[in-house]
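Asks: The following comprises the amino acid sequence and a computationally predicted model.
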Amino acid sequence: MLKTVFKGKVWKFGRDINTDIIIAGKRKYDTLDIKEIAKYAFEAINHDFSKKVKDGDVIVAGANFGCGSSREHAPLVIKALGISAIIAESFARIFYRNAINIGLSIVECKEASEKIEEGDEVEINLEKGTMKNLTKNEEYHFKPLPLMMTQILNAGGLVPFLSENNGYQIKQ
Amino acid sequence: MAEKILSHVAEKDVEAGDIIIVDVETVFAHDGTAPLAFEEMKKMGVDTFFDPNKVVIVTDHTTPSPSEKISNIHAFLRNYCRENGCNFRGVGRGIGHQLLIEEFVKPWTVVLGADSHTCTHGALGAFATGMGSTDIAGAMAFGKTWLKVPESFKILVEGELKSPVSAKDVILKIIGVIGADGATYMAMEFFGETVNSMGISERLTLSNMAVEAGGKTGLCPVDGKTIKFLAEHRRKGFFKNLKPDQDAYFSKEIAINAAELEPMIALPHTVDNVKAVSEVGELDVDQVFIGTCTNGRFEDFEIVAKILKGKKVANDTRLLVQPASWRVYLKIIERGIAATLIEAGASINPPGCGPCIGRHLGILGDGEVCLSTQNRNFKGRMGNEKAYIYLSSPATAAASAITGRITDPRDFYH
């Protein structure tokens, strides 16, 4: 069952954070071990990010997060680092899909993306579509995900979702 | 056009915003994404493909293998494909997108690939989009996927392109205007008299870069040229023409006047950082790379050879050339184009993605400048975070290889 409330400390990034920044292409061909690849996450813009980040932390970014390649390694390394959710003004569509498919929570919220700063502590309620900035004592609202995506997230990702439904044998 | 294709595939009228489950006609993954897809398939409890004839695996991203680890991944893929009976294209065959275009893609179908540039196939009128390995695993296992029907973005291109200005300049101009997220979640639909007069190779260049503006796919009309291309490439048969309805609704629109267009260039480190080549000023280039799924086709090398004929690449510049497939390679040899390029000083890489993804065959040094015909210039893309990547048409790349600095190809094209 999906955890719907998260609390964590924020790492703030800018806009157009692309998949090469999240994890360089050259890192992904060397091994199939995601934990190993995750050590190099964000290496181009935040040195030693993987050592600094703590379980449950949250990434907040500007528009078009995850643009670029289709590499699923991008959300996978973020999940492997223990990041509980990503909040951005908007996401690139392949990244958006990939995140849901691997059970990584994502939130599209312009206001939160603009107002939250690095180091703030936030509490997100996915079901209600609300977010509290505990540091700044502010509250932001967002549109919860469409049904199909909630179902996939609830199942724990696309793999368990398809296993449970024998492929796409679901009632639409 | 996106709604028309998806309505056809879903066998019911669908419109933007609908979430639908559709049959997938062709599904593809490469050496960077297939291992993860097979692993996910296993986790789904499925060990066979829904239809092995419709599954294509290509080792194109690092080929031939530059390391033991990658050789092992390639061996795993080769064995897996042999055991499961799917299509496998290995060393020397070419870039997955080009091979799919030459052998598999059909209009009015859904094509999925575990690679963001799968939008390329929209040039043949397929609803083609890139997905991650898990989605691709689902499609390989069950032959279906779920899609949100995208809104459509009308891109009207009219006026005659003045050679050597080409499709690459058109798409760079478009991305420069609408931005890297200007078409996020949308189907970019290219049409107008300029698109009609383009050959398939140029249409592929347009569709290939749709994802660089956030597009879900990049569609071109299906017309006589498409049908002829398919017939010449093992897909004889009846394919209905595709064009937008007179009263089609578009949520965004842009019009490009091709007649006024100059050669364009994208500056580091984003694809939407676009200027006219004439505005760049003096800038030395260490490496020029001509190839990729964007511009590695016969027509691209034809124009490059025209510019390079009887000339030499500048002393301090290296020119790398890489055909997108073995068919392209063979054709440039047969037509004498390869000889022209080699005489000018070019080094020809074997068919594949090559230096575009920064793994081998032309990694940049610290502070070096590369002018490439590829589709993406992100920091670190070509294997070095301290290098600078500029994107242009094959003509601009060829002219710049001669002078050793960013050069307007109109000075060399008569």
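Replies: On my side now, so go ahead.
Asks: separation between the residue nearest to the spatial centre of chain A and residue B:49?
Replies: Nearest to the geometric centre of chain A sits residue A:86, at 3.6 Å (CA atoms, centre = their mean). To residue B:49, residue A:86 is 32 Å away according to CB to CB, to the nearest Å. All C-beta spots, glycine's among them, are computed from the backbone N, C-alpha and C.
Asks: cool, and residue A:118?
Replies: 46 Å.
Asks: Kindly report the same for residue A:143.
Replies: Using CB to CB, residue A:143 is found at 37 Å from residue B:49.
Asks: contacting residues around residue A:9?
Replies: Listed by CB atoms under 8 Å, 6 or more residues apart in numbering or on different chains, the contact partners of residue A:9 are A:54, A:56, A:57, A:58, A:119, A:120, A:121.
Asks: And the pLDDT at the third one?
Replies: The predicted local confidence for residue A:57 comes out at a pLDDT of 96.
Asks: what about it, neighbour count?
Replies: 18 (other CB atoms under 10 Å in any protein chain shown).
Asks: For it, give me phi and psi.
Replies: Note on residue A:57: backbone dihedrals following degrees, to the nearest 10 are phi -60, psi 160.
Asks: Could I get the contacting residues of it?
Replies: Residues counted as contacts of residue A:57 (CB under 8 Å, 6+ apart) are A:8, A:9, A:10, A:11, A:81, A:82, A:83, A:84.
Asks: So residue A:143 and residue B:49 - more neighbours on which side?
Replies: When residue A:143 and residue B:49 are compared for neighbours, residue B:49 comes out ahead with 20 against 9, by other CB under 10 Å.
Asks: what distance separates the worst-scoring helix or strand of chain A on mean pLDDT from the centre of its chain?
Replies: Sorted by mean pLDDT, DSSP states H and E, the helices and strands of chain A end with helix A:25-28, the least confident at a mean of 73. Here helix A:25-28 is found 20 Å from its chain centre; the criterion is CA atoms, centre = their mean, to the nearest Å.
Asks: ok, now stretch A:130-143?
Replies: Worked out by CA atoms, centre = their mean, stretch A:130-143 lies 17 Å from the chain centre.
Asks: any idea where the helices of chain A begin and end?
Replies: With DSSP state H as the criterion, chain A has helices at A:19-22, A:25-28, A:34-38, A:49-52, A:73-80, A:93-101, A:110-115, A:147-155, A:158-164.
Asks: what does the fifth one rub up against?
Replies: What that stands for is helix A:73-80. Contacts with helix A:73-80, where a contact means CB under 8 Å, 6+ apart, come from A:19, A:22-23, A:27-28, A:34-35, A:37-38, A:40-41, A:59, A:66, A:86, A:95, A:98-99, A:102-104, B:36, B:132.
Asks: what comes up buried for that helix?
Replies: Across helix A:73-80, burial judged by 16 or more other CB atoms under 10 Å in any protein chain shown covers A:73, A:74, A:75, A:76, A:77, A:78, A:79, A:80.
Asks: pLDDT and distance to residue A:135 for these - can I get that in JSON lines?
Replies: Listed next are the buried residues of helix A:73-80 as JSON lines, based on pLDDT from 0 to 100; distance: CB to CB, whole Å:
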{"residue": "A:73", "pLDDT": "89", "distance to residue A:135": "31"}
{"residue": "A:74", "pLDDT": "92", "distance to residue A:135": "28"}
{"residue": "A:75", "pLDDT": "94", "distance to residue A:135": "26"}
{"residue": "A:76", "pLDDT": "93", "distance to residue A:135": "29"}
{"residue": "A:77", "pLDDT": "94", "distance to residue A:135": "27"}
{"residue": "A:78", "pLDDT": "96", "distance to residue A:135": "22"}
{"residue": "A:79", "pLDDT": "95", "distance to residue A:135": "24"}
{"residue": "A:80", "pLDDT": "95", "distance to residue A:135": "26"}
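Asks: sorry, back to before: only the buried subset of the contacts of residue A:57, as a PyMOL command please.
Replies: Buried members of the contacts of residue A:57, defined by 16+ other CB under 10 Å, are picked up in PyMOL with:
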select buried, chain A and resi 8+9+10+11+81+83+84
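Asks: will you turn the contacts of residue A:57 into JSON lines that also has pLDDT?
Replies: What follows is those, written out as JSON lines (pLDDT from 0 to 100):
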{"residue": "A:8", "pLDDT": "95"}
{"residue": "A:9", "pLDDT": "97"}
{"residue": "A:10", "pLDDT": "97"}
{"residue": "A:11", "pLDDT": "96"}
{"residue": "A:81", "pLDDT": "95"}
{"residue": "A:82", "pLDDT": "94"}
{"residue": "A:83", "pLDDT": "95"}
{"residue": "A:84", "pLDDT": "93"}
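Asks: ok, so of the contacts of residue A:57, who is nearest residue B:340?
Replies: When the contacts of residue A:57 are ranked by distance to residue B:340 (CB to CB), residue A:81 comes first, at 50.4 Å.
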